[in-house]
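Asks: have a look; sequence and predicted model below, questions after that.
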Amino acid sequence: MATTDAPPAPAAAQRSRSRGRTLWLLGVLGALAALMFASITTGSRDVSWPDIVAALSGSAEGFDQSAVAKRIPRTLLAVVAGAALGVSGAVMQGVTRNPLADPGILGVNMGASLAVVTGIAYFGLASATEYVWVAILGAGATAVFVYTIGSLGRGGAAPLKLALAGAATSAALVSLINAVVLPRADIADEVRSWQIGGVGGGTFDSVTQVLPFVVAGTAICLLSARGLDLMALGDELAAGLGIHVAAARATASLGAVVLCGATTAVTGPIGFVGLVVPHVCRLLVGVDHRWLLPFSALGGAVLLTAADVVGRVVARPTEIDVGIVTALIGAPFFIYIVRRQRVRSL
């Protein structure tokens, strides 16, 4: 008599998923380590291995050794900023149940940018810590505004409505930023360079100043993982399972806004990392946010570090800022998601 294989027991299936996730985790960690090494050793200027070793040992003296030494904080900033953007994108997609959600697409980056530029132009902001606090306030106000506008009318906060509201808000904020900057020739060049989005000016001080905010925002998001999983089932079912939906949504959103605002204050508005990374991570580890958020952090760090390395080598001896590289990667991906998902809710 012919027999058929029985389906795997739940425990065996769970062990298989755990092994797969562990292997992916090791692979992503290995890729990140390799990219960090490449970021330190590769750049628009070729440097010999003795100079690289001297710079890594902390004894940078010559020009080449100093060039390598400057790449170390730049690499750390790319890792920290990429992780923050990856987590904030995953949380925004979970909170809004919108596959198109991203700090750039929803206009949150531009809200943070406008707040920082306004503070520089009219209130004399000068320190990175001041930039961070102001950027977080601007990002939060923009997130509330976009969600409110996207929730109006029939159907509530539908994915397409949120994307359109974010795009319109972002365009308006860009105009406001230009209106603030144009009369101020003393800050115009600096602001225009910062608006592109990049990590080339990263220093140990900038990493130290933004890191506490990134750690705090990431912790808030990780603590919201269970709530995000339950909200994916629908607000009514999540409430029935004991979750205070409004509080859970507000808490997770707070974490995402802190991450986005703090990162934008230091690097400028970098788009599409929060869109691309969570989608790729869902293919690797599924939709469980307890796995998705840490993987999104690692994936964001990988993507931004890789974009920085690519930007340094494709146009030697000049450089292309990471904001441009991520846009070249993310824009086609955005079109693909729109066509494939037809902007359904998650």
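Replies: Happy to help now that I have it.
Asks: residue ranges in the stretch 201-346 of the chain under the pLDDT threshold?
Replies: 338, 340-346 (pLDDT under 70).
Asks: show me the helices in it, by range?
Replies: 204-223, 225-231, 235-240, 245-267, 273-285, 289-313, 322-341 (DSSP state H, counting those that start in this stretch).
Asks: in CSV, list these along with distance to Asn109 and mean neighbour count.
Replies: Any C-beta I mention is one placed from the backbone N, CA and C, and that applies to glycine too. Below are the helices of the stretch 201-346 of the chain laid out as CSV (distance: least, CB to CB, whole Å; neighbours: other CB atoms under 10 Å):
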stretch, distance to Asn109, mean neighbour count
helix 204-223, 15, 18
helix 225-231, 21, 20
helix 235-240, 27, 14
helix 245-267, 5, 25
helix 273-285, 9, 23
helix 289-313, 14, 25
helix 322-341, 10, 17
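Asks: out of those, nearest to Val80?
Replies: Shortest distance between Val80 and the helices of the stretch 201-346 of the chain, using CB to CB, is found for helix 204-223: 5.6 Å.
Asks: quick one, the closest one and helix 245-267 angle?
Replies: Angle, helix 204-223 to helix 245-267, by axes from the mean of the first three to the mean of the last three CA atoms, to 10 degrees: 160 degrees.
Asks: could I have the CA atoms of helix 204-223 written out in PDB?
Replies: Only the C-alpha atoms of helix 204-223 are listed here, as PDB (Å, rounded to 0.1, in the frame of the first residue of the first chain):
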ATOM      1  CA  PHE A 204      33.200  60.000  16.800                       C
ATOM      2  CA  ASP A 205      31.400  62.900  18.500                       C
ATOM      3  CA  SER A 206      28.400  62.700  16.100                       C
ATOM      4  CA  VAL A 207      28.200  58.900  16.700                       C
ATOM      5  CA  THR A 208      28.400  59.400  20.400                       C
ATOM      6  CA  GLN A 209      25.700  62.100  20.400                       C
ATOM      7  CA  VAL A 210      23.200  60.100  18.300                       C
ATOM      8  CA  LEU A 211      23.800  56.700  19.800                       C
ATOM      9  CA  PRO A 212      21.800  57.200  23.000                       C
ATOM     10  CA  PHE A 213      18.700  58.200  21.000                       C
ATOM     11  CA  VAL A 214      19.100  55.300  18.700                       C
ATOM     12  CA  VAL A 215      19.400  52.900  21.600                       C
ATOM     13  CA  ALA A 216      16.400  54.300  23.300                       C
ATOM     14  CA  GLY A 217      14.300  54.300  20.200                       C
ATOM     15  CA  THR A 218      15.300  50.800  19.300                       C
ATOM     16  CA  ALA A 219      14.400  49.600  22.800                       C
ATOM     17  CA  ILE A 220      11.000  51.100  22.600                       C
ATOM     18  CA  CYS A 221      10.400  49.400  19.200                       C
ATOM     19  CA  LEU A 222      11.600  46.000  20.500                       C
ATOM     20  CA  LEU A 223       9.300  46.300  23.500                       C
END
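Asks: name the surrounding residues that touch it.
Replies: Contacts with helix 204-223, where a contact means CB atoms under 8 Å, 6 or more residues apart in numbering, come from 73, 76-77, 80-81, 83-84, 87-88, 90-91, 127-129, 132, 136, 251-252, 254-259, 261-263, 265-266, 293-294, 297.
Asks: now the helix or strand harbouring Thr22: mean pLDDT?
Replies: Here Thr22 sits within helix 10-41, counting by DSSP states H and E. For helix 10-41, mean pLDDT is 86.
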